[in-house]
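>>> What follows is a protein structure lacking sequence information:
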């Protein structure tokens, strides 16, 4: 499954990069470097785009934030990057049928065009551009140095010169992620809310220490979903969604601490790799043991228990518990009552 789930719990980041708290809202990830298909129509120029020999309308230099991953299910490599002016985002999905083959020269004939496109923010709004005939790029690796060059002929009638270089050996942690501490936390049955949504399991928990944890899981085929889950952004069954921040939102799976008014402190802990053990006992309790690392390589050990009548987490069903946003904060609706994330009933 290529599409990364846009379900679920997002926390809006303030515009100021030096912010110390986040305000909870539900949202959709629209500026992710993760793999996601085209969701809206591309803007077409009045004349067809054509490749221009020896010239380009725009040069895209990308040396900062990027993603470079192999998707075994579909046999393709995916590259996503934000250019150095923070004006363009480019996504290139090329098919090699092998994790070992990630270099070479590619064009539309060996690209997955559903996942290859650009966003242009130069006008102040997001404009989607698709690639036309004449698009070609070369991927090379010299030791740890990833280089991508080429020509992108786009649906706006412009030609873009691609000049990307990244050091894959450098650990680039997120500025909102915990860089200097590890996490050890636990949450009891009474502190945990569980929902099923479109085949996903959504877990959120708050404990008496004002710690908060949110997890999105795609159940495997085992009874009650027991087993070991890998944290990743593949969206495949048997995985837990990796946490990430993009376009002013943060998505599960993540850990943080709450302020007294229900906002979330920065830094928080983005669970981007590791495993989650799901166990189920005869008393009807489900237990999660999370062993995760974040973008800085810090570690988290998180235990979550619940027994809220979840008999089989492989089954998608309508829950009586749901989350909504009122005045910028998460409100939990259950059996006709409203509760905040601390479990306190509100009017």
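Looks like it came in fine. These numbers come from a predicted model, not from an experiment. Numbers count the residues shown, from 1 in each chain.
>>> the helices in this structure, which residues?
Per DSSP state H, the chain carries no helices over any range.
>>> any idea how far the residue most central in space within it is from residue 93?
For the chain, the residue nearest the mean C-alpha position is residue 244 (4.6 Å; Cα atoms, centre = their mean). Applying Cβ to Cβ, to the nearest Å, the value for residue 244 to residue 93 is 18 Å. All C-beta spots, glycine's among them, are computed from the backbone N, C-alpha and C.
>>> Then residue 173?
When distance is defined by Cβ to Cβ, residue 173 is 26 Å away from residue 93.
>>> These two: which has the busier surroundings?
Taking neighbours as other Cβ atoms under 10 Å, residue 173 and residue 93 compare with residue 93 leading, 23 against 16.
>>> I'd guessed the more buried one sits against residue 110; true?
No - contact criterion Cβ atoms under 8 Å: residue 93 and residue 110 do not qualify, at 10.0 Å.
>>> Give me the spatial nearest neighbour of the residue nearest to the centre of the chain, chain neighbours excluded.
Leaving out its chain neighbours, the residue that sits closest to residue 244 by Cβ to Cβ, 6 or more residues apart in numbering is residue 251, at 5.5 Å.
>>> list the buried ones in stretch 172-179?
173, 174, 176, 177, 178 (16 or more other Cβ atoms under 10 Å).
>>> wait, the third one sits on residue 267?
Read that as residue 176. Yes - the pair residue 176 / residue 267 is scored as a contact, 5.6 Å apart, by Cβ under 8 Å.
>>> okay, and the common contacts of those two?
Contact criterion Cβ atoms under 8 Å, 6 or more residues apart in numbering; residues shared by residue 176 and residue 267: none found.
>>> returning to that earlier point: so for the residue nearest to residue 244, what's the pLDDT?
With respect to pLDDT, residue 251 scores 78.
>>> Over to residue 6?
pLDDT, residue 6: 33.
>>> can you check residue 234 too?
78.
>>> try residue 258
According to the prediction, residue 258 has pLDDT 82.
>>> For the chain, which helix or strand comes out least confident on mean pLDDT?
strand 10-12 (a mean of 35; mean pLDDT, DSSP states H and E).
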